[in-house]
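1. my questions are about this predicted structure, shown below with the sequence.
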Amino acid sequence: MNAVLGQLLDETGQALGDAIRRTSPQLSAQEVGVVVETGGGIARLRGLPGIGANELLRFPGGVLGIAINLDPEEVGVMLLGAGEQLSAGDEVSATGREADAPVGEELLGRVIDATGRSLDGGKPPRIAERRPIERPAPEIMDRAPVSTPLETGIKAIDALIPIGRGQRELILGDRQTGKTSVAVDTIINQRDKGVICVYCAIGQRGTAVARVVDTLRRHDALAHTIVVYASDDDPPGLRFVTAYAATTMAEYFMEQGRDALVVYDDLTRHARAYRELSLLLRRPPGREAFPGDIFYIHSRLLERATHLGDDRGGGSMSALPIIETQAQDISAYIPTNLISITDGQVYFSPRLFHKGLLPAIDVSESVSRVGGKTQYPAFRSVASELRLSYSQFEELETFARFSTRLDEDTRKTIEHGRRVREVLKQHEHQPLRASAQIVAMKAVDAGLFADLPVEDIRAAEEQVREHVLAAEPELCERMEQGEELDEDDWEQVLAAARETLGSSRDAED
Ligand code: ATP
Ligand code: MG
């Protein structure tokens with residue numbers, strides 16, 4: 001019976017697998033099988049007729065594996081630990097336990113792997129509870145629209161591509177364009193926002209992860225963060241399940257009515273780990289040699305991120321999956337899949353990166369489909385026009401390069417656009433609170449920097465921000481409380497801003 005189910009499962013994918021798991025209790029505890037073949041991070045076993053999909057198996061030496069292929073003849077297993085010492089003939093025992101990950105407060109501030117092993121040199125974390133790594137996403141009935149901003153602290157995103165708590169926003173771009181940096185800054189900015197973060201590093205080099213951990217620590221952001229990590233040396237099975245373990249860890253907080261954020265850095269490497277496993281398990285390859293169900297795998301993972309309705313505690317889990325593109329090809333298989341699964345994307349352009357326009361976000365290629373509604377009203381009133389005019393400016397600027405004589409209007413639009421672009425520049429790891437961003441946007445929008453040379457704008461913008469924040473704390477507070485500002489309020493903001501510029505110019509004279 002189970003063998004037949006196993007074959008069906010293999011043919012129809014995991015959905016059926018879940019249905020089976022839900023209807024038939026775990027039967028396999030204490031069963032024993034034998035390794036037929038092993039290598040590359042997988043093992044194929046004989047025996048174990050009662051095994052369930054996603055069940056944990058124990059190999060000699062304590063190595064764990066997860067059953068993923070259930071054929072009538074054979075069970076395919078991905079290993080979660082080094083499998084070099086395993087060989088044909090070894091005995092394997094079923095645990096009767098579904099693959100799970102540790103969850104809880106104790107994991108905050110720690111660097112661990114998917115199974116809860118300490119990777120930061122500290123004591124093993126105290127694990128009070130474990131939950132399955134594969135869990136069904138909340139029902140539509142249990143979900144609520146996103147209503148609160150997930151503030152990244154990055155002007156280009158919060159102003160022009162605003163994200164809400166519970167949203168899934170893809171971060172994509174070629175290698176070395178600043179993708180990780182933006183995700184890390186978003187985590188740093190949650191320091192005083194009460195959002196618990198999980199940074200999930202998949203298949204990265206150890207030094208890269210150490211750098212992220214160090215940055216988080218230096219910016220007081222590790223205490224509200226869990227780092228879950230599988231390196232490029234780890235077996236593909238561990239790299240693959242890390243994304244699920246991270247999701248389960250963040251979900252725990254969402255289900256307590258709290259807000260969580262999970263960063264997957266990155267899902268390109270996650271997809272590669274799955275491809276590696278599938279090829280080793282001799283599943284038929286599809287487009288770009290990825291197994292046909294990779295789309296399903298990613299959509300199921302990201303479906304778990306949402307904003308729960310009040311009946312379910314009102315918590316949220318936002319997701320920032322990262323994808324690395326090759327030669328800016330966003331129409332390759334994995335990027336197109338992810339674009340269609342998420343609620344928008346932030347696209348990083350190597351062209352902008354090399355011009356030093358950091359963060360190198362290409363606004364015209366980026367979109368946020370649901371977060372706009374969560375933007376603070378005061379922010380929306382300054383930013384709504386900005387996005388369109390900024391895109392127009394970018395087009396005009398390219399066009400203007402080929403023309404020697406420009407009419408006055410075009411010249412003005414270009415000059416203004418250049419100033420907006422200066423204001424959108426931001427150094428990494430310096431996220432800004434919303435009111436500071438609103439002040440900066442308002443100042444450039446009102447033309448306060450129109451007479452300044454472009455190279456002086458960044459310094460002027462910083463002065464304006466700092467001065468207005470100090471001079472008008474009450475107004476700034478109201479902006480962040482979600483209040484609308486009336487004309488008098490805005491005039492007060494601009495007066496304070498002009499004061500700064502006036503005094504700095506006096507100082508120069
Ligand atoms: P990879 O493809 O290697 O994962 P990535 O796209 O994640 O790269 P990052 O590692 O975030 O890119 O950034 C690449 C480099 O650019 C880093 O050295 C980082 O310090 C620098 N950088 C990124 N954003 C900024 C910024 N806003 N200001 C200054 N430097 C930046
Ligand atoms: Mg990176």
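-> Perfect, thanks for sending it. Computed from a predicted model, the values in this text were never measured in an experiment. Ligands and ions are numbered 1, 2, ... in the order given.

2. in this structure, which helix is the longest?
-> Secondary structure of the chain read by DSSP state H shows that its longest helix is helix 377-400.

3. that one packs against which elements?
-> Judged by 3 or more CB pairs under 8 Å, 6 or more residues apart in numbering; DSSP states H and E, helix 377-400 is in contact with helix 155-160, helix 408-424, helix 434-445, helix 473-480. Glycine gets a C-beta too; all of them are placed from N, C-alpha and C.

4. so for ligand 1, which of those sits nearest?
-> Closest approach to ligand 1 among the helices and strands packed on helix 377-400 is made by helix 155-160 (9.5 Å; CB to the nearest ligand atom).

5. from the middle of its chain, how far away would that closest one be?
-> With CA atoms, centre = their mean, to the nearest Å as the basis, helix 155-160 stands 17 Å off its chain's centre.

6. which element follows it toward the C-terminus?
-> Downstream of helix 155-160, the next assigned helix or strand under DSSP states H and E is strand 170-173.

7. how far does that next one sit from its chain's centre?
-> Mean C-alpha position of strand 170-173 versus that of the full chain (CA atoms, centre = their mean) differs by 9 Å.

8. could you do stretch 222-239 as well?
-> Centroid displacement of stretch 222-239 relative to its chain, using CA atoms, centre = their mean, is 14 Å.

9. start and end of that stretch, how far apart?
-> 22 Å (CA to CA, to the nearest Å).

10. what mean pLDDT does that stretch have?
-> Stretch 222-239 shows a mean pLDDT of 96.

11. list the buried residues in that stretch.
-> Within stretch 222-239, the residues that count as buried by 16 or more other CB atoms under 10 Å are 222, 224-231, 234-239.

12. ok, which of those also contact ligand 1?
-> Among the buried residues of stretch 222-239, not one lies near ligand 1 by CB under 6 Å from any ligand atom.

13. in strands, which of the residues you listed appear?
-> Residues from the buried residues of stretch 222-239 lying in strands, with DSSP state E as the criterion: 225-231.

14. most widely separated two among these?
-> Thr225 and Ser231 (18.5 Å; CB to CB).

15. one step back: mean pLDDT for the helices and strands packed on helix 377-400: which is lowest?
-> helix 408-424 (a mean of 91).

16. need the residues that contact that one.
-> Residues from elsewhere that reach helix 408-424 (CB atoms under 8 Å, 6 or more residues apart in numbering): 155-156, 159-160, 357, 386, 389-390, 392-394, 396-397, 400, 406, 440-441, 443-445, 447, 449-450, 452, 454, 457-458, 461.

17. export the longest helix of the chain as CSV, just CAs?
-> Output of helix 377-400 as CSV, limited to C-alpha atoms (Å, rounded to 0.1, in the frame of the first residue of the first chain):
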residue,chain,number,x,y,z
PRO,A,377,0.2,59.9,4.6
ALA,A,378,2.8,62.6,5.0
PHE,A,379,5.3,60.5,3.0
ARG,A,380,2.8,59.7,0.3
SER,A,381,2.0,63.3,-0.2
VAL,A,382,5.6,64.1,-1.0
ALA,A,383,6.5,60.9,-2.8
SER,A,384,3.5,60.2,-5.0
GLU,A,385,4.5,62.6,-7.7
LEU,A,386,8.2,61.9,-7.3
ARG,A,387,8.2,58.4,-8.7
LEU,A,388,6.6,59.4,-12.0
SER,A,389,8.7,62.5,-12.5
TYR,A,390,11.8,60.6,-11.6
SER,A,391,11.2,58.0,-14.3
GLN,A,392,10.5,60.8,-16.8
PHE,A,393,13.8,62.5,-15.8
GLU,A,394,15.8,59.3,-16.4
GLU,A,395,14.4,59.0,-19.9
LEU,A,396,14.9,62.6,-20.6
GLU,A,397,18.4,62.5,-19.4
THR,A,398,19.3,59.7,-21.8
PHE,A,399,17.6,61.5,-24.6
ALA,A,400,19.2,64.9,-23.8
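
18. what's the angle between it and helix 408-424?
-> 120 degrees (axes from the mean of the first three to the mean of the last three CA atoms, to 10 degrees).

19. just the buried residues of helix 377-400, please?
-> 378-383, 386-387, 390, 393, 396.

20. nearest to ligand 1 among those?
-> Out of the buried residues of helix 377-400, the member with the shortest distance to ligand 1 (by CB to the nearest ligand atom) is Tyr390, at 17.8 Å.

21. buried residues in the strand or helix carrying Asp488?
-> Per DSSP H and E: Asp488 is located in helix 487-508. Neighbour counts over helix 487-508 (16+ other CB under 10 Å) mark 489-490, 492-494, 496-497, 500-501, 504 as buried.

22. quick revisit: which of the ones in strands among the buried residues of stretch 222-239 sits closest to Ile323?
-> The nearest one, if we look at those relative to Ile323 and count by CB to CB, is Ala230, at 17.4 Å.

23. state the distance from that closest one to Arg312.
-> For Ala230, the distance to Arg312 equals 30 Å [CB to CB, to the nearest Å].

24. same deal with Asp185?
-> 30 Å.

25. more crowded one of those two?
-> Set Asp185 next to Arg312 and count neighbours by other CB atoms under 10 Å: Asp185 wins out with 25 against 18.

26. list the contacts for that one?
-> Asp185 touches 152-154, 428-431, counting by CB under 8 Å, 6+ apart.

27. how about the residue in the stretch 251-400 of the chain positioned nearest to ligand 1, what does it touch?
-> Relative to ligand 1, the nearest point of the stretch 251-400 of the chain is Leu358 (3.6 Å; CB to the nearest ligand atom). When contacts are counted by CB under 8 Å, 6+ apart, Leu358 touches 178, 352, 425-428.
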